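Undergrad: Predicted model and sequence below, questions to follow.
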Amino acid sequence: MSDSRSDAIIQIQGVTKRFGEVTAVERVDLDIRAGEFFALLGPSGCGKTTLLRMLAGFEQPSDGRILIGGQDMTGVQPNHRPVNMVFQSYAVFPHMTVFDNVAYGLKVVGTARGEIRPRVEEALAMVQLEDYGSRKPDQLSGGQRQRVALARALVKRPKVLLLDEPLSALDAKLREAMQLELVRLQHSVGITFVIVTHDQDEALSMADRIAVMQDGHVRQVADPQTLYEYPSGRFVADFIGKMNLFEGRVAASDATALAVEVEGLGRIELPPDGQAPGAGQPVGIAVRPEKVELFRKAPPEGSVARRGTVAQVAYYGDVSYVFLDLEDGPSLNATVQNADRAAEPYFTKGETLWAAWNPNDFLVLGE
């Protein structure tokens, strides 16, 4: 959340959207700052696309209101809003050249003929397609067609650019390249970008702030690092990145210490946590796989350490995911960097290892 509404270009105030008896978005309050790259992130059906469509004006809130640039958007048609939208399918016209695709929106609103060419050329330069104006979309790659869609949206100089899963149709390598390109473009043009995505890596790598949604509700709004390292609850912790999540119950909690009985791990002493529930209350205890170290002999003192057997090793080139079956029952995932060049995996299935991590790396999670 913004500390002040003075820098918010978008203010979403108590917005609910119902389709018959189904509530797609429920009582969302959210400020999006001018000039930031903001992501709406969540699984399919969480309400993120519905919220984006309400920003665009394709849907109207059942309750609440949306302000853009301080103006109430209630009843304002999409073509009269200071926003433009890039769709998942790009929706470029196959029979038009790149230049005509980008110029189309300007012609529709009656832009003076002498102004159209320089503005189209400026937009094509922004997306690095200066030399592609005479080509047809079928002569372009997927990434280039996506840039045409971006140029067509930017040429109208909106205050806000809305992007609905804009990279989902691209292959993995091109998608990564376009993530960097979108960030470069947003910094270059300096306008607010709001992107909808279900891809956590995409949101983490691109956005200044992220709103994680579940079942029509916003569960947490934060910058990527805060979201990853300090999730507000079990859903966010499990949805963002990989996580080892265990069920526990608070054994003792005061200003000096926190003790939790964890299923399969026993009693674990943790640093005091002022947000932790009182004794006897259930909690989630979590640790990220990259915080877990693996040892063939007893690990250093002061760490949380448990023995286990390697159940599986998944090799991904730069890293391997090592899955352990711990002696007392639960499974544990550790991420191992493949720093040394080798033809064989460093850890093998069936091997007995110690898994250890710093108690400070535990997350104590509520609902």
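TA: Perfect, I can see it now.
Undergrad: Just the buried residues of the longest helix along the chain, please?
TA: Longest helix of the chain, by residue count under DSSP state H: helix 172-189. By neighbour count, with 16 or more other Cβ atoms under 10 Å as the criterion, the buried positions of helix 172-189 are Leu174, Arg175, Met178, Gln179, Glu181, Leu182, Val183, Leu185, Gln186, Val189. All C-beta spots, glycine's among them, are computed from the backbone N, C-alpha and C.
Undergrad: wait, isn't the last one in contact with Leu154?
TA: Spelled out, it's Val189. Yes: the pair Val189 / Leu154 is scored as a contact, 6.4 Å apart, by Cβ atoms under 8 Å.
Undergrad: residues shared between the contacts of these two?
TA: Contact criterion Cβ atoms under 8 Å, 6 or more residues apart in numbering; residues shared by Val189 and Leu154: Met126.
Undergrad: returning to what we had before: the longest helix of the chain packs against which elements?
TA: Judged by 3 or more Cβ pairs under 8 Å, 6 or more residues apart in numbering; DSSP states H and E, the packing partners of helix 172-189 are strand 37-41, helix 113-126, helix 142-154, strand 192-197, helix 200-206.
Undergrad: Enumerate the positions of the last one that are buried.
TA: Translated: helix 200-206. Quick answer for helix 200-206 (16+ other Cβ under 10 Å): Gln200, Glu202, Ala203, Leu204, Met206.
Undergrad: wait, doesn't the third one sit right on Ala39?
TA: Yes: taking Cβ under 8 Å as the definition, Ala203 is a contact partner of Ala39 at 4.0 Å.
Undergrad: overlap in contacts of those two?
TA: With Cβ under 8 Å, 6+ apart as the test, Ala203 and Ala39 both reach Ile195, Thr197, Ile210.
Undergrad: beta partners for the residue nearest to the last one when sequence neighbours are not counted?
TA: When you say that, I think you mean Ile210. Take Ile210 and drop its neighbours on the chain: the residue closest to it by Cβ to Cβ, 6 or more residues apart in numbering is Ala39, 4.5 Å away. Counting by DSSP bridges, Ala39 is bridged to Ile195, Ile210.
Undergrad: gap between whichever strand or helix holds Arg65 and the chain center?
TA: Assigned by DSSP states H and E, Arg65 belongs to strand 63-68. Put simply, strand 63-68 sits 23 Å off its chain's centre (Cα atoms, centre = their mean, to the nearest Å).
Undergrad: Same question for stretch 139-155.
TA: In terms of Cα atoms, centre = their mean, the gap separating the centre of stretch 139-155 from the centre of its chain is 23 Å.
Undergrad: ok, back up a step: could you dump the buried residues of helix 200-206 to a markdown table with distance to Leu129 and pLDDT?
TA: Formatted as a markdown table, the buried residues of helix 200-206 follow (distance: Cβ to Cβ, whole Å; pLDDT from 0 to 100):
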| residue | distance to Leu129 | pLDDT |
| --- | --- | --- |
| Gln200 | 29 | 93 |
| Glu202 | 22 | 92 |
| Ala203 | 26 | 95 |
| Leu204 | 28 | 95 |
| Met206 | 21 | 94 |
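Undergrad: now, among the residues you listed, which is nearest to Arg267?
TA: Gln200 (32.6 Å; Cβ to Cβ).
Undergrad: How far does the helix or strand where Val236 lies sit from its chain's centre?
TA: When elements are assigned from DSSP H and E, Val236 belongs to helix 234-239. Averaging C-alpha positions (Cα atoms, centre = their mean) puts helix 234-239 12 Å from its chain's average.
Undergrad: Send me it as CSV with only the CA atoms.
TA: Output of helix 234-239 as CSV, limited to C-alpha atoms (Å, rounded to 0.1, in the frame of the first residue of the first chain):
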residue,chain,number,x,y,z
ARG,A,234,0.6,-19.6,4.2
PHE,A,235,-1.0,-19.0,0.8
VAL,A,236,1.5,-16.2,-0.1
ALA,A,237,4.5,-18.2,1.2
ASP,A,238,3.5,-21.3,-0.7
PHE,A,239,2.6,-19.5,-3.9
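Undergrad: List the buried residues for it?
TA: Those would be Arg234, Phe235, Val236, Ala237, Phe239, for helix 234-239 by 16+ other Cβ under 10 Å.
Undergrad: contacting residues around the first one?
TA: Counting by Cβ under 8 Å, 6+ apart, Arg234 touches Leu245, Gly284, Ala286, Leu365, Gly366, Glu367.
Undergrad: Can you say which of those are buried?
TA: Looks like these have Gly284, Ala286, Leu365 buried, using 16+ other Cβ under 10 Å.
Undergrad: which residues touch the last one?
TA: Taking Cβ under 8 Å, 6+ apart as the contact definition, Leu365 lies against Pro231, Gly233, Arg234, Ala237, Leu245, Val283, Gly284, Ile285, Ala286.
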